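**Q** Would you be able to build a 3D model of this:
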Amino acid sequence: MLESVLKQIPLSWTTQTLLLGLTVGLVTYYIIGKKKYKLPPGPWAPPLIGHLREINSDPPIFKKLLKWRKKYGSAITIYFGPLRCVTLNSADSVNEALVKKAADYAGRFQTWSMGCFSGGYKNIIFSDVNPSWKLRRKIGLQGLRQYLSGNKLEEKLFESASKVIRRMKEENGKPIDIQKYISLLVFNLLQGVCFNKSFDIDDQVFLKLLNVLDEGISAVGNGFFEDVFPPLRKYPTTKFRMILSTIDHFQEFIEDEYNKHFENFSEDNMNDFTDFLINARKQAVLEDPATDSIITDSHLTHTINDIFIAGIDTTRQTITWTILLLITHPEILKKAQAELEQVLDAGQAPTLRDRERLSYTEAILHESMRLCPVVPMGLPHTTRCDTTIGEYEIPKGTLVMINHWALHNDPGVWKDPDVFRPERFLDEDGKLAPKTMSWLPFSAGRRNCLGETIARPEMHLMLALLLRNMKFSCPDGQTIDMDPNGASGTFAFLPSKNCVIAEQRQ
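**A** Numbers count the residues shown, from 1 in each chain. Here you go, the predicted structure:
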């Protein structure tokens, strides 16, 4: 049958022979490789094509995996074309991999697209575990700790929130694109954190950055064929070229800001994360001069890019989802604002110090991140050695993905998992209950989110400031679209565009 198909292709006899040999070889390798290890089970897939049909059709693969778990168990093998992927779909399997066997699963799966997007793996997010990565992560965390040791984060958040809330009030109850305003809030916060600057809502630089980010995130969809079929790398798809252009645009913006900071750096006048990152590198070089050649300026700009792009997009999508959920659940919105009235004096603004006393606000964020995980399959891991998961064998170099959606919607852990109920995160005294492994928006283990130390307090204060100052509702005669953006695909869970009413609270 295969020969008859090849005869229809207008190629030379030599080319057809090579194609036939390549196909047979790949199929043989696929079958032998599958028998060599006792891999986790999964639905049958045709060789070479794999589960691309399931991945590129509704419902998204992270929801299908949760259903498949009943038949195949919590560890399920799927194929992105010829590429084998082990997915982990329960808290127990994720805990075994990321916590108990953290070193085994700490690798980052290297794809051609990731290499292109990170300047050859110069950032922290996409880099595999190696001495350079460990040093870059150490310097990045040191820079964050130094920056967060004072009240700079709170100052930048107040500055950003005040500007956005003022612009909301100026709309005087007219319908607004809520995501645009939330994006400005988060952009300005990260712009202040990283570069000690801010935008206005009509700033052309901001609008350009927001536009390319929106287009890039929406276009990611289900990944890149270039990673699965290497011949496409010579002539990349329009989609890939557009994403690369988005990354390059942000990288140029960050490099320009970094160069200004480097030229004017002073240990006596450090105002933002970039200053503290430059200082952390200088301290590391003093301890070990070899660091100077391992951690270059390019590595630092890509680290800032990690904080800037990842921090902006996950935070703005999470806050947008939260506001939309509160509008569709007005009784929860009223309860959150009642907590603010009870904890704070009249006219008093919430601060980071009030976080522990605003447990219900924190629970709302937890529930929003559970119900609407912005990156439902997380970032791809890889095994650094032959290892196991439960009774199954996982070869070295295997792509492993954590299905956060499955953890967050596990009916065995969460009663009525599709219901928005913040109380599930509170204990009997109304305080935040201990975190469970089934709630994992920031991942765990050696590859947990670098920006978690900023993200959690900033999102809490951001939401508290918005709810303290504004009341949100749906325009008359309209409904809130809670379905995810149709372009989200497998790797993102994004809110659709919604216009809402934002009015000043009396």
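**Q** burial measure for Ser423, as a count.
**A** Careful, residue 423 is Glu; it's not Ser. Residues within reach of Glu423, counting by other Cβ atoms under 10 Å, total 13. C-beta coordinates here come from the backbone N, C-alpha and C atoms, glycine included.
**Q** who's in contact with it?
**A** By Cβ atoms under 8 Å, 6 or more residues apart in numbering, the residues touching Glu423 are Ala363.
**Q** what about it, which SS state?
**A** Using DSSP: H, G, I helix; E, B strand; the rest coil as the criterion, the local structure at Glu423 reads helix.
**Q** and it, how far is that from Lys431?
**A** With the distance defined as Cβ to Cβ, to the nearest Å, Glu423 ends up 12 Å from Lys431.
**Q** Same check on Leu407?
**A** Distance of Leu407 to Lys431, computed by Cβ to Cβ: 23 Å.
**Q** higher neighbour count, these two?
**A** More crowded of Leu407 and Lys431, by other Cβ under 10 Å: Leu407, with 27 against 14.
**Q** buried residues in the helix or strand containing the more buried one?
**A** Assigned by DSSP states H and E, Leu407 belongs to helix 404-408. Within helix 404-408, the residues that qualify as buried by neighbour count (16 or more other Cβ atoms under 10 Å) are His404, Trp405, Ala406, Leu407, His408.
**Q** go on, stretch 411-424?
**A** For stretch 411-424, by 16+ other Cβ under 10 Å, it's Val413, Trp414, Pro417, Phe420, Arg421, Pro422, Arg424.
**Q** mind listing what the first one touches?
**A** By that I understand Val413. By Cβ under 8 Å, 6+ apart, the residues touching Val413 are Ala91, Leu407, Thr436, Ser438.
**Q** Now do the helix holding Leu407: which elements does it pack against?
**A** On a contact count with 3 or more Cβ pairs under 8 Å, 6 or more residues apart in numbering; DSSP states H and E, helix 404-408 meets helix 61-72, helix 359-371.
**Q** Can you say which of those is packed in most?
**A** The highest average neighbour count among the helices and strands packed on helix 404-408, using mean count of other Cβ atoms under 10 Å, belongs to helix 359-371 at a mean of 23.
**Q** what would the helices and strands packed on helix 404-408 look like in TSV with distance to Leu232 and mean pLDDT?
**A** Below are the helices and strands packed on helix 404-408 laid out as TSV (distance: least, Cβ to Cβ, whole Å; pLDDT from 0 to 100):
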stretch	distance to Leu232	mean pLDDT
helix 61-72	21	95
helix 359-371	35	97
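**Q** wait, which of the ones you listed is closest to Val186?
**A** Ranking these by their distance to Val186 (criterion: Cβ to Cβ) puts helix 359-371 first, at 14.0 Å.
**Q** after the closest one comes which helix or strand?
**A** Taking DSSP H and E, what comes next after helix 359-371 is strand 381-382.
**Q** mean confidence for that following strand?
**A** Taken as a whole, strand 381-382 carries a mean pLDDT of 94.
**Q** From the contact counts, what lies against that strand?
**A** strand 107-108, strand 399-402.
**Q** so which of these gets nearest Val374?
**A** Between the helices and strands packed on strand 381-382, strand 399-402 lies closest to Val374; by Cβ to Cβ that is 13.9 Å.
**Q** Tell me who's in contact with the closest residue to Gly81 other than its chain neighbours.
**A** Distances taken as Cβ to Cβ, 6 or more residues apart in numbering place Val228 nearest to Gly81, at 3.8 Å, with adjacent residues excluded. Residues near Val228 by Cβ under 8 Å, 6+ apart: Leu52, Phe80, Gly81, Pro82, Leu83.
**Q** how far away is Val228 from Leu465?
**A** As judged by Cβ to Cβ, Val228 and Leu465 stand 44 Å apart.
**Q** got it, and Trp405?
**A** Relative to Leu465, and taking Cβ to Cβ, Trp405 is found at 29 Å.
**Q** How much space separates Leu461 from Leu340?
**A** 12 Å.
**Q** Mind listing the shared neighbours of those two?
**A** Pro350.
**Q** who's more crowded, the two?
**A** Neighbour totals were compared for Leu461 and Leu340, and Leu461 leads with 25 against 22 (other Cβ under 10 Å).
**Q** From what I see, that one and Pro350 are in contact.
**A** Yes - here Leu461 reaches Pro350: they are 6.3 Å apart, a contact under Cβ atoms under 8 Å.
**Q** Pull up the overlap in contacts between those two.
**A** Counting by Cβ under 8 Å, 6+ apart, nothing touches both Leu461 and Pro350.
**Q** Can you show me the helices along the stretch 401-506 of the chain?
**A** Using DSSP state H, counting those that start in this stretch, the helices found in the stretch 401-506 of the chain span residues 404-408, 452-469.
**Q** For Glu393, what is the enclosing helix or strand?
**A** With elements taken from DSSP H and E, the one containing Glu393 is strand 392-394.
**Q** who touches that strand?
**A** Against strand 392-394 from outside (Cβ under 8 Å, 6+ apart): Tyr37, Lys38, Leu39, Pro40, Ala75, Val86, Thr383, Asp386, Thr387, Thr388, Val400.
**Q** Correct me if wrong, but Ile176 is in a strand.
**A** Yes - the assignment for Ile176 is a strand, going by three-state DSSP.
**Q** tally of neighbours for it?
**A** For Ile176, the neighbour count with other Cβ under 10 Å is 17.
**Q** was I right about it contacting Ala502?
**A** Yes - counting by Cβ under 8 Å, Ile176 does reach Ala502; the two are 5.9 Å apart.
**Q** any common contacting residues for these two?
**A** Residues touching both Ile176 and Ala502 by Cβ under 8 Å, 6+ apart: Met168.
**Q** Low-confidence ranges, this structure, go.
**A** Residue ranges of the chain with pLDDT under 70: 1-35, 216, 218-222, 486-490.
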